[in-house]
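>>> Okay, predicted coordinates and the sequence, questions at the end:
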Number of protein chains: 4
Amino acid sequence: MGRAHSHAWRNADAFFELPRRPVLSVLAGRDPARAAAAADRLGWAHAVGDWRQLLERDDVDLIDICTPGDSHAEIAIAALGAGKHVLCEKPLANTVAEAEAMAGAAEAAARNGVRSMVGFSYRRVPALALARKLVAQGRIGTIRHVRAQYLQDWLADPAAPLSWRLERARAGSGALGDIGAHIIDATRFVTGEALTGVCALLDTFVTERPLPDRPGSGPVTVDDAALFLGRLSGGGLASFEATRMAAGRKNALRLELNGTRGSLVFDLESLNELWFHDHTEEPELAGFRRILVTEPRHPYAGAWWPPGHGLGYDHTFTNEVADLVVAIAADKDPEPTFADGLAVQRVLAAVEASAADAGRWTAIGGAQP
Amino acid sequence: MGRAHSHAWRNADAFFELPRRPVLSVLAGRDPARAAAAADRLGWAHAVGDWRQLLERDDVDLIDICTPGDSHAEIAIAALGAGKHVLCEKPLANTVAEAEAMAGAAEAAARNGVRSMVGFSYRRVPALALARKLVAQGRIGTIRHVRAQYLQDWLADPAAPLSWRLERARAGSGALGDIGAHIIDATRFVTGEALTGVCALLDTFVTERPLPDRPGSGPVTVDDAALFLGRLSGGGLASFEATRMAAGRKNALRLELNGTRGSLVFDLESLNELWFHDHTEEPELAGFRRILVTEPRHPYAGAWWPPGHGLGYDHTFTNEVADLVVAIAADKDPEPTFADGLAVQRVLAAVEASAADAGRWTAIGGAQP
Amino acid sequence: MGRAHSHAWRNADAFFELPRRPVLSVLAGRDPARAAAAADRLGWAHAVGDWRQLLERDDVDLIDICTPGDSHAEIAIAALGAGKHVLCEKPLANTVAEAEAMAGAAEAAARNGVRSMVGFSYRRVPALALARKLVAQGRIGTIRHVRAQYLQDWLADPAAPLSWRLERARAGSGALGDIGAHIIDATRFVTGEALTGVCALLDTFVTERPLPDRPGSGPVTVDDAALFLGRLSGGGLASFEATRMAAGRKNALRLELNGTRGSLVFDLESLNELWFHDHTEEPELAGFRRILVTEPRHPYAGAWWPPGHGLGYDHTFTNEVADLVVAIAADKDPEPTFADGLAVQRVLAAVEASAADAGRWTAIGGAQP
Amino acid sequence: MGRAHSHAWRNADAFFELPRRPVLSVLAGRDPARAAAAADRLGWAHAVGDWRQLLERDDVDLIDICTPGDSHAEIAIAALGAGKHVLCEKPLANTVAEAEAMAGAAEAAARNGVRSMVGFSYRRVPALALARKLVAQGRIGTIRHVRAQYLQDWLADPAAPLSWRLERARAGSGALGDIGAHIIDATRFVTGEALTGVCALLDTFVTERPLPDRPGSGPVTVDDAALFLGRLSGGGLASFEATRMAAGRKNALRLELNGTRGSLVFDLESLNELWFHDHTEEPELAGFRRILVTEPRHPYAGAWWPPGHGLGYDHTFTNEVADLVVAIAADKDPEPTFADGLAVQRVLAAVEASAADAGRWTAIGGAQP
């Protein structure tokens, strides 16, 4: 993740007309030697062995947090307190309580012009940004249905080792927080609506896995798959599925929306495409059209290559930091805010609560979009 | 539906080597004049104005029931009692009680060599029959996930009239029984497993619609959409969605299965295709392959046209009656049996019970496959 | 082919409101016993051992010719001379001379109200009929490019036997006449334009094959593949490829048209779909849309099943004979006429002439559409 | 193009384990002020106003030529003569004579350890590199057919201005050299075979266009579209089409290969996918499979992101310069060589000669792969 963020900071200025030029000052890591090697490789001027050192440096205006979720709250709150802008990887935190504290700190800092953003980078996929725009323009009308899935298969093999992502203490949850968080945020982003409640089932298919670093095996303490149904604040129904056991699906973040005036379909495995059905079209000619979201007028695409030349995974990060720099320079809050991150966290908590209560409907309170 | 079944009976003998030749004897309808006209058009030798007349005729060996669901039980039980084989359209009945009575009658009749079948015709789509075969052969291993959807859009327009399908008294339920029943049966058929319970949400988006035959409007008393999560008897997780409000989806009965050794994907809008991912393949070359299920070795396809020449909707009925005739001649019970129809009915009832109880997990008992 | 035509005649009346009801009177074949068995199976009232007997019968109004191409001219000219309407399978003949004689006979017969039609049945695929309509309406503007392919793979295996289709004396040509004829006709039909000339390459990859009925092998005397470039009468460029050696392509008759205002794409392997790009659409939302050609307003589709219920290969024949019956009753010439069949034959001849002359441009004269 | 190459040089070292680290020393442009601004934006340390200055600098080891084709020969020959390695954008030159001179200079320089490469960057699309590997492994057997197309639509609008790309003196040819060159190289690369001759048609649909910089219009002196048929050195047939008038096609470089044992399909609009049909598979399960070429074992993909995370257009350049650096350090000739560029140039010349001679077969001599 550090490599992806470094790439974004290193390249944003070559593609976007930014009001301020990003400078890659200091990379912090726990092991000073490894941090120095990474800094050299990735283009950072300096390296330090403790993130706390960043707080006092004058050559650091912004801290980009790429650590596991259990350290997000501490670092982000300290950074904001030190007057540094913050970009924090998703999910915002491992618990609602942490996320609430972070959202509070972000709100306080913003009053002093210190900005924060949570890294749901798929908001910067041009096709999803276009989808949001079309929904906001009313092109699909009132949303009746959302079908959101994030399907991967890297845990389909029961011999895959017990990484930290499979330990509840460090990862918070399994497929739910890792990839389910993305489809929750994508749904909020594209629809502009909140989830009002869920009915959920969680399951762990492979309950014990080999240890990664020594003989023997250990228990998997997070979910392998999370399925939940929900309702949107606008009255629509939604279904969600996150799994890392879907053989053959590599990175299938899929979103389908059906509205009263049209439908939209996206799949991250074909990230330069958005499918749009205009239900107001004459029926004889209506159908799902494949929009190649690579044209000059499309979100972000104009900053990059000629028409028809697709982007990849890393461009979403470059787009993200470009938006962040623009927002900071304009003295505005960038999106998604820590409040958005908190809203996602509340959904994750409700999913776990419902699953623990036989799937019963669990309402979600808190801030709405 | 009568037209589709007549077509099947009229043509099965020209494509399949049947042990007995079907003869289209008598068409029964409520209105004698309309029945006579339909018989003339569709190739039936005679017409009568009351289905009860069929029970006593010597030139009737089998009764094919194409009426709405609220009359299935009465007709089927009477027919079986009169020693006539029965093909009954789906869903088997409007209630579990009716379905139980029918399954009991079928079991009793079978002891006398009188056969019965419920018309889940999509079992005879070659691609779904191939999917079942591959699952039974272990080609996808243990099933982890089923994703089943039946998406249509003919009720997306709020001005669509209040047909009998929107009245609870006659239709039993809405999208749930009409099209949800198909994906429940398809899941049971392809996986060979039962559903052990569900968490469900139902909703009606358009609660009042114009009357079809006179000014004014009336209440919609069935669901527009049914979403439910479930578990399979083999331990997998399943999600289901049936809706007639998915703009742009015309007849999208979709089924995706992910197993430990592979995955399968089907969409009725492309009914001659089955997608198969073999997870035991070398990873460098693995991927979802599009099998055109039109080749001589494929189920049913060999009876029809040269390689590559696709079938359509009506061929499923022709395949169905061919299987039925073969089973009768072999003195065996054809599938799906009335017990299969009952099993689907029990799922439908559990969905409604769960939805009425805030989505809480509702176990499904009764006969398993 | 006889089975497909019989199916069409047997069923057309059940789906279309025909002005006259087809009656399946007499099936003619060389072997009386086999003809009688086929007649019984396929629904014909009588059978005879010589097609000439049909000419004198009062219970025969129309003769449907399903024999190999080398007998088309003799039978069709005799039938028209006897005052029988004629439906003749494609290609119309094996030579331009035969086709000219047939077209002349058809024109003469038409003056007496005796009608003829050549069986390019793919004109009755709803998606291709819709494509033609859109072109005629100007929806894609002036045509710049046609890309037409017919790809099959049943000869990819060098051990496939030497059938009559691989003998020049009986089949006329190989992939060129068998499937190339279809894409030539489809191009003429959809564009409404003629081909003005071609540059062509032909090749035979497997020059000797095992005999089908006894040990030993014999020479393949027709082409395995035909590739040609051409120009349309409206100024566009076209490329054509017909092959039976394209591994994995079962029945891929593909047509892509690019015009000044839009584009159309069709593939027979997905016969219920037409892809349409509207180039006048706002660029941000433009893209190829998948039209499911299964809706009530679509050509032919309204006669069959509810929305979204796809058709198959055989429906094209049923649609074809329905159109033929309507034309006869209306005392009009049905399309495609024998003149259309002759125009295709002229293209086939020009392809062979160009290939024999090092691919040089060979102009095509004769009747234009 | 300079931006794409700069991006590649700036980032290669962060993703590949390179034996030498690229340093962005000097950017040369005609206008010193613009060159300086570009250097600042794109990460170059210095800027100069004349490319000749690069020849004498000690801090320049390699010259990357991104100018239009009419200056390639002069710059490349001078650079090689000065002992600088060269990367030259495609097409290698505007004429066969220039290309021959360049290939000669490259061969001479190589004897002194000075390396050269022509920038057919699509060779570094992981899916095409995988395709080449599969062909080389014999996975599709002997190639029968190649279908190569490069379809764009940015000239479909007759109001698009008369850019330098539409002037023969500067661009050499139109769609032929601009995008046709790519499909010729891709065919050579993937098949490992040469083209032995062609039959070709060229056309210009819009013969006059508005001037880009002042009122009035001027003549288009290059082709809008190039179609040609060819034969491969291994006996297969090939068809090629390059056009910038295919409405709705943005960047559709498509390649389909059919061999005796299988087939491969690629489309640059979905650049992370390769479709493979294994014809030796059991027929019941055979079909085109979609390989997501994003996995660790795939060419280039392992250097980038986790499984399933796709690449975009610019990654091909980064992959290209990484390969170039590796080859230089290993003292080997990188591919594609200038001899490869010359071979493409010979095909372009044969296409023009055939088109000028009524499409007649024109043989291609010279170096084979």
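Arrived safely.
>>> use CA for all of it now, contacts and neighbours both
OK.
>>> ok, which stretches of the stretch 101-250 of chain A are strands?
Ranges of strands in the stretch 101-250 of chain A, per DSSP state E, counting those that start in this stretch, are A:116-119, A:143-151, A:195-203, A:208-210, A:217-219, A:225-232, A:237-243.
>>> closest one to B:N112 among these?
strand A:195-203 (45.5 Å; Cα to Cα).
>>> Listing partners with orientation, what would you give for the closest one?
strand A:225-232 (antiparallel), strand A:362-363 (antiparallel) (DSSP bridges).
>>> tell me the mean pLDDT for the longest one?
This predicted structure assigns strand A:225-232 an average pLDDT of 98.
>>> Repeat that for stretch A:274-294.
Here the average pLDDT along stretch A:274-294 is 97.
>>> wait, does stretch A:308-321 make contact with chain C?
No: judged by Cα under 8 Å from any Cα of the partner chain, stretch A:308-321 and chain C are separated, with a smallest distance of 11.8 Å.
>>> I'd guess A:I63 is in a strand, am I close?
Yes: A:I63: assigned to a strand according to DSSP: H, G, I helix; E, B strand; the rest coil.
>>> out of everything not next to it in sequence, what's closest to A:S6?
A:L42 (6.2 Å; Cα to Cα, 6 or more residues apart in numbering or on different chains).
>>> quick one: the one you found from D:D157, how far?
Separation of A:L42 from D:D157 (Cα to Cα, to the nearest Å) stands at 44 Å.
>>> Tell me which of those two has more neighbours.
A:L42 (22 against 16; other Cα atoms under 10 Å in any protein chain shown).
>>> rewinding a little: let me see the contact set for the residue nearest to A:S6.
By Cα atoms under 8 Å, 6 or more residues apart in numbering or on different chains, the residues touching A:L42 are A:3, A:6-7, D:14.
>>> what do you get for A:D13?
A:21-22, A:322, D:41.
>>> Repeat that for A:L257.
Applying Cα under 8 Å, 6+ apart, we find A:L257 in contact with A:143-147, A:263-265.
>>> again, 10 Å this time
Shown in contact with A:L257 (Cα atoms under 10 Å, 6 or more residues apart in numbering or on different chains): A:131, A:135, A:140, A:143-148, A:187, A:190-191, A:236, A:238, A:263-266, A:276, B:246-247.
>>> still on that earlier bit, please pick the buried ones from the contacts of A:L42.
The neighbour-count test (16 or more other Cα atoms under 10 Å in any protein chain shown) marks A:3, A:6-7, D:14 as buried among the contacts of A:L42.
>>> export those to a markdown table and tack on pLDDT and secondary structure?
What follows is the buried ones among the contacts of A:L42, written out as a markdown table (pLDDT from 0 to 100; DSSP: H, G, I helix; E, B strand; the rest coil):
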| residue | pLDDT | secondary structure |
| --- | --- | --- |
| A:R3 | 92 | helix |
| A:S6 | 97 | helix |
| A:H7 | 96 | helix |
| D:A14 | 94 | helix |
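>>> Between those residues, which sits nearest C:I65?
Using Cα to Cα, A:H7 comes nearest to C:I65 of the buried ones among the contacts of A:L42, at 69.5 Å.
>>> hang on, isn't that closest one packed against A:Y313?
No: under the criterion of Cα atoms under 10 Å, A:H7 makes no contact with A:Y313, lying 11.4 Å away.
>>> Tell me the residue of the stretch 251-369 of chain A that sits nearest chain B?
A:R360 (4.3 Å; Cα to the nearest Cα).
>>> what's the closest non-adjacent residue to that residue?
Nearest residue to A:R360 in three dimensions, chain neighbours excluded: B:R360, at 4.3 Å (Cα to Cα, 6+ apart).
>>> Check chain A for its longest helix and report it.
In chain A, taking DSSP state H as the definition, the longest helix is helix A:338-356.
>>> what about dumping the CA coordinates of it to PDB?
Extracted as PDB, the C-alpha positions of helix A:338-356 are listed here (Å, rounded to 0.1, in the frame of the first residue of the first chain):
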ATOM      1  CA  PHE A 338     -13.600  10.800   8.400                       C
ATOM      2  CA  ALA A 339     -17.400  11.100   9.000                       C
ATOM      3  CA  ASP A 340     -17.800   9.000   5.900                       C
ATOM      4  CA  GLY A 341     -15.400   6.500   7.300                       C
ATOM      5  CA  LEU A 342     -17.300   6.400  10.500                       C
ATOM      6  CA  ALA A 343     -20.600   5.800   8.700                       C
ATOM      7  CA  VAL A 344     -19.000   2.800   7.000                       C
ATOM      8  CA  GLN A 345     -17.800   1.600  10.400                       C
ATOM      9  CA  ARG A 346     -21.300   1.800  11.800                       C
ATOM     10  CA  VAL A 347     -22.600  -0.400   9.000                       C
ATOM     11  CA  LEU A 348     -19.800  -3.000   9.700                       C
ATOM     12  CA  ALA A 349     -20.800  -3.000  13.300                       C
ATOM     13  CA  ALA A 350     -24.500  -3.500  12.500                       C
ATOM     14  CA  VAL A 351     -23.600  -6.400  10.200                       C
ATOM     15  CA  GLU A 352     -21.800  -8.100  13.000                       C
ATOM     16  CA  ALA A 353     -24.600  -7.400  15.500                       C
ATOM     17  CA  SER A 354     -27.300  -8.800  13.100                       C
ATOM     18  CA  ALA A 355     -25.300 -11.900  12.300                       C
ATOM     19  CA  ALA A 356     -24.900 -12.500  16.100                       C
END
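>>> what packs against it?
On a contact count with 3 or more Cα pairs under 10 Å, 6 or more residues apart in numbering or on different chains; DSSP states H and E, helix A:338-356 meets strand A:85-89, helix A:96-110, strand A:116-119, helix A:181-191, strand A:195-203, strand A:225-232, strand A:362-363.
>>> Report the mean confidence score over that helix.
Taken as a whole, helix A:338-356 has an average pLDDT of 97.
>>> again, but for stretch A:113-127
97.
>>> For the closest residue to A:D157 other than its chain neighbours, give me the pLDDT.
Leaving aside its chain neighbours, A:D157 sits nearest to B:T260 (7.5 Å; criterion: Cα to Cα, 6+ apart). Looking at B:T260, its pLDDT reads 97.
>>> For burial, what's the neighbour tally of B:T260?
Neighbourhood size, B:T260 [other Cα under 10 Å]: 23.
>>> How about A:N94?
A:N94 has 25 neighbouring residues, counting by other Cα under 10 Å.
>>> Equivalent analysis for A:L54, please.
23.
>>> what bridges to A:W275?
Here A:W275, judged by DSSP bridges, has bridge partners A:V265, A:R290.
>>> Could you work out the end-to-end span of stretch A:87-106 for me?
Using Cα to Cα, the end-to-end distance of stretch A:87-106 comes out at 11 Å.
>>> A:G49: what's its closest spatial neighbour, skipping adjacent residues?
A:P32 (4.4 Å).
>>> Quick check: the one you found touching A:V26?
No: with contact defined as Cα under 10 Å, A:P32 does not reach A:V26; the gap is 11.8 Å.
>>> who touches both of these two?
With Cα under 10 Å, 6+ apart as the test, A:P32 and A:V26 both reach A:47-48.
>>> quick one: which of those two has more around it?
Between A:P32 and A:V26, A:V26 has the larger neighbour count (other Cα under 10 Å), namely 22 against 15.
>>> Quick check on the more buried one: phi, psi?
Per-residue torsions, A:V26: phi -130, psi 130 (degrees, to the nearest 10).
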